[in-house]
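[1] Just a sequence and a predicted model for now, questions to come.
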Amino acid sequence: MRYTLFAGQRDAIILLARILLMILFLLSGWSKLTGFEGTVSYFTSIGAPAPTLAAAIAVIMEFFVAIVLILGFYTRPLAMLFALFVVGTAMIGHPFWDMVEPARSANMTQFFKNMSIVGGLLLLAVTGAGRFSLDRR
């Protein structure tokens, strides 16, 4: 027997999930886009490889791909790509295993927040975008 508590709202809930998963990235991506030089400087300071390229990739993923995922276009492959991106940013941006307190605790929280987002993205890759999406048009 299937559990159908929210069956009638499935597509609306998937749309809400897409928006909630991407809103953080959309805001962050806009900030990176409008302050691109500062983003490159920050990436340089944390030792990101190829900081200008990394900043460009971050803007593309966090702003443009986030919009596409909210709209529900190519949702399954882009959700998988975004999950890989989030794992990479967690590894580069929040290496708590190399830190001491209090930075260790703060970065461990951020790292596992990213892993939680990866979980949501993997679920989105499996479920698809639902009816309220460009994928369904």
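    Looks like it came in fine. The model shown is predicted, which means the values in this text are computed figures rather than measured ones.
[2] In this structure, what residue spans correspond to strands?
    Counting by DSSP state E, the chain forms no strands at all.
[3] how about the helices of it, start to end?
    Ranges of helices in the chain, per DSSP state H, are 10-34, 36-45, 51-59, 66-71, 75-93, 103-127.
[4] So residue 21 versus residue 56, what's the distance?
    Distance, residue 21 to residue 56, by CB to CB, to the nearest Å: 22 Å. For glycine as for every other residue, the C-beta is placed from the backbone atoms N, C-alpha and C.
[5] quick revisit: out of the helices of the chain, which gets nearest to residue 136?
    Distance to residue 136, taken as CB to CB, is lowest for helix 10-34 among the helices of the chain, at 8.6 Å.
[6] Now tell me what touches the closest one from outside.
    6, 39, 55, 58-59, 61-64, 66-67, 69-70, 72, 75, 117, 120-121, 124, 127-133 (CB atoms under 8 Å, 6 or more residues apart in numbering).
[7] and among the helices of the chain, the most buried is which?
    Each of those was scored by mean neighbour count; the highest is helix 66-71, a mean of 20, by mean count of other CB atoms under 10 Å.
[8] okay if I get the helices of the chain as CSV plus distance to residue 137?
    CSV is the format used below for the helices of the chain (distance: least, CB to CB, whole Å):
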stretch, distance to residue 137
helix 10-34, 13
helix 36-45, 33
helix 51-59, 27
helix 66-71, 10
helix 75-93, 12
helix 103-127, 18
